[in-house]
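Peer 1: Attaching a predicted model along with its sequence, questions to come.
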Amino acid sequence: MKMKVLLAGLLASAGLFNNLSAQDTVPATAADTLVVLWSSGDPEVAEKACLMYTSYAKSRGWFREVILLAWGPSERLMSENEMVKEKIAALQKEGVIIQACVVCANMYSVTDDLKVCSVDVRGTGGLLTKYIKRGYKMISF
């Protein structure tokens, strides 16, 4: 593993590895990982704050790893609003990890809709706790 990381670093610094994603090289540190906790069901908050910042955080390299964790009303919005669906797809292409709470998704009857959009739907209470204990940077909308 150390050799792979060293080789990837040398190739990247030489400009030979430009298509390599951050997830394929050195794992992100806690200081370089952002978790965006998104619970608002307001489309304006989604478009003009949450999803925009999440995109910039990843695409501009502000954080190596960016995780968007949807809870509650944001999950319903994600399954129903076409603009939000498009932005989620764009985030996934940028390399943002998209996760959603299965309990909330089941309450809103949107679990299958989210899975069709390649959202990782799972239990997230313990997952969020793990992120906090690891010292990941957090922001919520």
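Peer 2: Yep, it's here.
Peer 1: contacting residues around residue 114?
Peer 2: Residues near residue 114 by CB atoms under 8 Å, 6 or more residues apart in numbering: 75, 78-79, 100, 105, 121. C-beta coordinates here come from the backbone N, C-alpha and C atoms, glycine included.
Peer 1: where does this protein have low pLDDT?
Peer 2: Low-confidence segments of the chain (pLDDT under 70): 1-27.
Peer 1: Can you show me the strands along it?
Peer 2: Applying DSSP state E to the chain gives strands spanning 33-38, 65-70, 97-101, 120-122, 137-140.
Peer 1: Any idea how many residues pack against the closest residue to residue 59 other than its chain neighbours?
Peer 2: Closest residue in space to residue 59, ignoring its immediate chain neighbours: residue 94 at 5.3 Å, by CB to CB, 6 or more residues apart in numbering. Other residues near residue 94 come to 15 when the count uses other CB atoms under 10 Å.
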